[in-house]
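Asker: just need the structure, nothing else, for what follows:
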Amino acid sequence: MLIKSLSATLFVAALVAPVAAQDAAYGGPKNVPEFAPAFENQTRAPIMQSEVSLNVEEIATGLTHPWGIAVMPNGGYLVTEREGRLRHIDAQGNLVDAPIEGVPQVFNRRQGGLLDVALAPDFEKSRVIFLTYSKPMGSGTSSTAAARAVLSEDMRTLTQVQDIFVQQPPSPTPMHYGSRIVLHNGFAYITTGEHSSRQEREYAQHLDKTYGKVIRVTPTGETPTDNPFVGQANAIDSIYALGLRNLQGAALRPGTDDIWVLGHGPRGGDELNKLQAGANYGWPVVSYGETYGGRPIGSGKPRAEGFTEPRYYWDPVIAPGGFDFKTGDVLSDWNGNIIASSLNPGGIVRLALDGDTVTGEERLLPELGRVRDIEIDKDGSILALTDSGNGKVVRITGE
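Answerer: A predicted model of the protein is given here:
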């Protein structure tokens with residue numbers, strides 16, 4: 001009996017060990033293991049192992065919760081600090097002491113503040129940049145907003161600051177603002193959040209509110225006539241897609257017109273989605289996660305008819321911020337991959353793609369801690385922002 005019992009114990013241990021090792025590779029066991037993916041590699045794609053040594057170089061330190069970064073065409077960077085400062089790092093890698101003046105007033109509470117920054121495609125001629133931020137709306141409320149402005153030649157001042165989008169209605173909850181902005185083909189795509197509260201999250205399904213949406217407007221704030229809900233009764237014309245929770249990542253896939261978005265799930269259910277006009281991504285009716293208290297979300301199902309499936313999801317979460325598609329000469333073997341930031345457990349996440357399907361995942365540099373944004377520099381090196389009271393801009397290259 002002792003031998004039989006020992007054999008059974010060893011057999012069970014042999015089965016459990018690989019499962020535990022696999023769970024560890026993906027950050028732990030699933031929160032909702034009963035949810036099966038809709039297709040192969042929709043989650044937990046095979047783990048990849050890079051055969052490269054990564055170098056991490058600090059470009060700038062002493063930043064207060066940096067949130068977004070943009071690469072300047074002639075060298076240097078613009079970086080936002082959530083408290084409301086826009087900073088310039090010059091072409092020599094020096095952080096200019098004085099913040100850029102003229103930034104809109106921000107609602108700097110909890111997750112609110114100055115958020116993303118992007119350059120107009122014709123920046124070298126127009127000097128136009130775009131900012132997203134939490135806009136104070138009175139009586140303790142705020143909204144996700146996007147503004148355009150002209151940056152002076154000396155890099156010290158913004159002028160002609162004009163909002164091109166303000167989320168409606170204002171929210172009393174300073175959470176889940178989104179908000180990334182992508183400029184492409186004469187349009188600005190702006191991501192919003194649904195402000196997190198149990199009542200407000202339902203607004204992600206409401207076409208008369210711009211919570212939990214992707215917005216498409218022109219660079220001066222007009223609504224394109226071919227937006228999918230133009231002319232629909234009780235719908236806001238600027239809405240391009242809906243049913244999203246808190247999109248803090250958006251990027252154009254090089255060589256295509258495809259914009260992909262990356263958002264936070266609750267306890268499980270971070271999602272990578274390919275943006276489609278008029279698509280409904282399901283939040284909060286369906287989700288691959290559960291509430292922080294362990295209760296079902298919405299219908300309690302991960303999918304339902306009429307909702308667009310994510311191209312990839314995580315359970316447990318990586319708590320994603322910004323991401324970009326890899327290009328350039330540095331680490332060129334990764335070109336075409338997605339490089340995503342992770343706030344929890346931290347570091348960066350690399351995804352390999354075959355068409356629109358993820359074929360592999362790799363977790364890298366957890367020692368960076370909370371990473372809020374990723375941008376690819378002109379040479380292909382990876383720029384990462386660490387989110388803390390002593391935040392950094394780091395450059396990642398390979399040997």
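Asker: what sits against Thr132?
Answerer: 68, 115-117, 144-147, 177-181, 190 (C-beta atoms under 8 Å, 6 or more residues apart in numbering). In this view, the C-beta of every residue, glycine as well, is placed from N, C-alpha and C.
Asker: tell me which of the residues you listed fall in strands.
Answerer: Counting by DSSP state E, these place Gly68, Leu115, Asp116, Val117, Thr144, Ala145, Ala146, Ala147, Ile181, Ile190 in strands.
Asker: return the member of those residues nearest to Glu290.
Answerer: Distance to Glu290, by C-beta to C-beta, is smallest for Thr144 among the ones in strands among the contacts of Thr132, at 25.7 Å.
Asker: roughly how far apart are that closest one and Gln248?
Answerer: 11 Å (C-beta to C-beta, to the nearest Å).
Asker: pull up the overlap in contacts between those two.
Answerer: Joint contacts of Thr144 and Gln248 (C-beta under 8 Å, 6+ apart) are Gly178, Ser179.
Asker: where does the prediction get shaky in the stretch 51-200 of the chain?
Answerer: In the prediction, the stretch 51-200 of the chain carries no residues with pLDDT under 70.
Asker: just the helices in it please.
Answerer: 123-126, 198-201 (DSSP state H, counting those that start in this stretch).
Asker: about what we covered before: can you lay out the contacts of Thr132 as JSON lines showing distance to Ala233 and neighbour count?
Answerer: Listed next are the contacts of Thr132 as JSON lines, based on distance: C-beta to C-beta, whole Å; neighbours: other C-beta atoms under 10 Å:
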{"residue": "Gly68", "distance to Ala233": "36", "neighbour count": "27"}
{"residue": "Leu115", "distance to Ala233": "32", "neighbour count": "26"}
{"residue": "Asp116", "distance to Ala233": "32", "neighbour count": "25"}
{"residue": "Val117", "distance to Ala233": "36", "neighbour count": "22"}
{"residue": "Thr144", "distance to Ala233": "24", "neighbour count": "28"}
{"residue": "Ala145", "distance to Ala233": "26", "neighbour count": "25"}
{"residue": "Ala146", "distance to Ala233": "26", "neighbour count": "30"}
{"residue": "Ala147", "distance to Ala233": "30", "neighbour count": "21"}
{"residue": "Tyr177", "distance to Ala233": "28", "neighbour count": "31"}
{"residue": "Gly178", "distance to Ala233": "26", "neighbour count": "32"}
{"residue": "Ser179", "distance to Ala233": "27", "neighbour count": "27"}
{"residue": "Arg180", "distance to Ala233": "30", "neighbour count": "28"}
{"residue": "Ile181", "distance to Ala233": "28", "neighbour count": "24"}
{"residue": "Ile190", "distance to Ala233": "23", "neighbour count": "29"}
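Asker: ok, so of the residues you listed, who is nearest Asp354?
Answerer: Looking across the contacts of Thr132 and measuring by C-beta to C-beta, the closest to Asp354 is Arg180, at 25.0 Å.
Asker: and the strands in the stretch 151-300 of the chain?
Answerer: Listed in chain order, the strands of the stretch 151-300 of the chain (DSSP state E, counting those that start in this stretch) span 158-166, 181-184, 187-191, 214-217, 239-241, 247-252, 259-263, 270-274.
Asker: elements contacting the fourth one?
Answerer: In this structure, strand 214-217 packs against strand 158-166, strand 187-191, strand 239-241, with contacts taken as 3 or more C-beta pairs under 8 Å, 6 or more residues apart in numbering; DSSP states H and E.
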